[in-house]
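the sequence isn't on hand, but the structure is:
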């Protein structure tokens, strides 16, 4: 018989730990525990779930559950198994202590009920202790496995982009398995090692190293380049982040070494029969490290960096303008057109500085823009939440349609298919799933839209603030990045830099020419002028982002 005074917290948990692989998913746990609660008439106050290991302390939802029990808002727990609650001594001891204090009356699982009695608390302590031992054993096994692999010269972790993990049966492990890749590896006609080069991406990784070694691209440009080649995130299929690029470009695994923790095992230290094949040479890898650490490179003529080379075109022949050194000074010229002459880097930067002054904003403008962005963002958040509510209702209705369709298909009345044939079921299900996918995508876009607008607007006004002064102090690589951001299709015509401007730079130039004097004026605007100006500023910020 159920105690009417019990107030239950339903707690579900699953992690990626080895010992959790056979545990029901969180959705399955919720479904099964809901059935138990309904069948037994349990008073469920709240449902908490999280995807975290219980081997370490610090689970947010677990802590929330403990606080509910301490506050008297709940006094019983419904969970799939005791191992869902704790795999460490502190959390297990806290559960027992709450029972000792009389705050926790009962823990219910599909396997049994545990109450505040000596025998049942003893059984719980055994469960928690065995669970911790299992986690400890798993941790020890993983550590031994890593040491064993390192001793054999094998990389003990997930292979980075350009490589594939191979299991003991010679098959590509994990989500990177593609039949065509597996087929290509079988043509090697040898026993596969635990890490093999990815036949689809190894040449792209090599190309990334080669392009980086030229020293003419910054990380932003490299992101766009690699995306145009098809080198994208493994799961997301999106453009690689700067962090991902740096992880690739600084990983010694690519020249055949293994870095684990703070130690590097060079290729010559690894056994020939187990060590993986390199994608790049050590010389190329070291060259890339020099480029990435440009400030520490020796300052001689062979290591000069030309920030504006290969981006400016010759107005006459459309060839690329490149940098060179003559008599200790840096010049830019088109190698094909002798008539164009040579332009000193200092003179080129003087011209560029005049362009930058047209998009430079002062502190007054910055503060006004930031205030307006934050005000507009607050309004956007309200709109987003309203739209999200309607989209979630639409998603629930879509799920209900799918549930009803499945119920109709498997109902006894449809045993002969008279109500819903197999073909009708497949077609209608496909339509509902398509509708559901569209709504989910709209939900995700709605979540990202406001934040993306806010981030872009904030980034741009901060970029433009005091840009003229900052440009003179930044490194050559950053100067190139600024130049490429503000100048579209730059050409050199008779030693004169000619550029076009795209959004948002062109909008800021126009706005500055019309309103900069108003922004910096010491005389305060009247109410009508201020409202008019704020409207223009709002519209400008919208177009910028």
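Here it is on my side, so go on. These numbers come from a predicted model, not from an experiment.

list the buried residues in stretch 263-280.
265, 267, 270, 275-276, 278-280 (16 or more other Cβ atoms under 10 Å). (C-beta placed from N, C-alpha, C; glycine too.)

likewise stretch 239-257?
240, 244-245, 248-249, 251-257.

same check on stretch 232-239?
Counting neighbours by 16+ other Cβ under 10 Å, one finds that the buried residues in stretch 232-239 are residue 232.

next: stretch 157-164.
159-164.

can you lay out these as a markdown table showing distance to residue 6 and secondary structure?
As requested, the buried residues of stretch 157-164 are arranged in a markdown table below (distance: Cβ to Cβ, whole Å; DSSP: H, G, I helix; E, B strand; the rest coil):
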| residue | distance to residue 6 | secondary structure |
| --- | --- | --- |
| 159 | 51 | coil |
| 160 | 51 | coil |
| 161 | 52 | coil |
| 162 | 56 | coil |
| 163 | 54 | strand |
| 164 | 53 | strand |
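
for stretch 331-344, measure first residue to last.
Distance across stretch 331-344, first residue to last, is 4 Å (Cα to Cα, to the nearest Å).

can you give me the offset of that stretch from its chain's centre?
Taking Cα atoms, centre = their mean, to the nearest Å, one finds the center of stretch 331-344 at 44 Å from the center of the full chain.

any idea of the mean pLDDT in it?
The average of the pLDDT scores along stretch 331-344 is 79.

what are the contacting residues of that stretch?
306, 308-309, 312, 314, 316-317, 319-326, 329-330, 345, 348, 492, 494-495 (Cβ atoms under 8 Å, 6 or more residues apart in numbering).

among those residues, name the ones in helices.
345, 348 (DSSP state H).

buried subset of the contacts of stretch 331-344 as a ChimeraX selection?
Buried subset of the contacts of stretch 331-344, written as a ChimeraX selection, criterion 16+ other Cβ under 10 Å:
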select :306,308,309,312,314,321,322,323,330,345,348,492
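
before we move on, the earlier item: could the buried residues of stretch 239-257 go into JSON lines alongside pLDDT, secondary structure and distance to residue 104?
Converted to JSON lines, these look like this (pLDDT from 0 to 100; DSSP: H, G, I helix; E, B strand; the rest coil; distance: Cβ to Cβ, whole Å):
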{"residue": "240", "pLDDT": "88", "secondary structure": "coil", "distance to residue 104": "49"}
{"residue": "244", "pLDDT": "87", "secondary structure": "helix", "distance to residue 104": "46"}
{"residue": "245", "pLDDT": "91", "secondary structure": "helix", "distance to residue 104": "50"}
{"residue": "248", "pLDDT": "92", "secondary structure": "helix", "distance to residue 104": "50"}
{"residue": "249", "pLDDT": "92", "secondary structure": "helix", "distance to residue 104": "53"}
{"residue": "251", "pLDDT": "90", "secondary structure": "coil", "distance to residue 104": "49"}
{"residue": "252", "pLDDT": "91", "secondary structure": "helix", "distance to residue 104": "52"}
{"residue": "253", "pLDDT": "90", "secondary structure": "helix", "distance to residue 104": "50"}
{"residue": "254", "pLDDT": "93", "secondary structure": "helix", "distance to residue 104": "54"}
{"residue": "255", "pLDDT": "92", "secondary structure": "helix", "distance to residue 104": "57"}
{"residue": "256", "pLDDT": "89", "secondary structure": "coil", "distance to residue 104": "56"}
{"residue": "257", "pLDDT": "89", "secondary structure": "coil", "distance to residue 104": "53"}
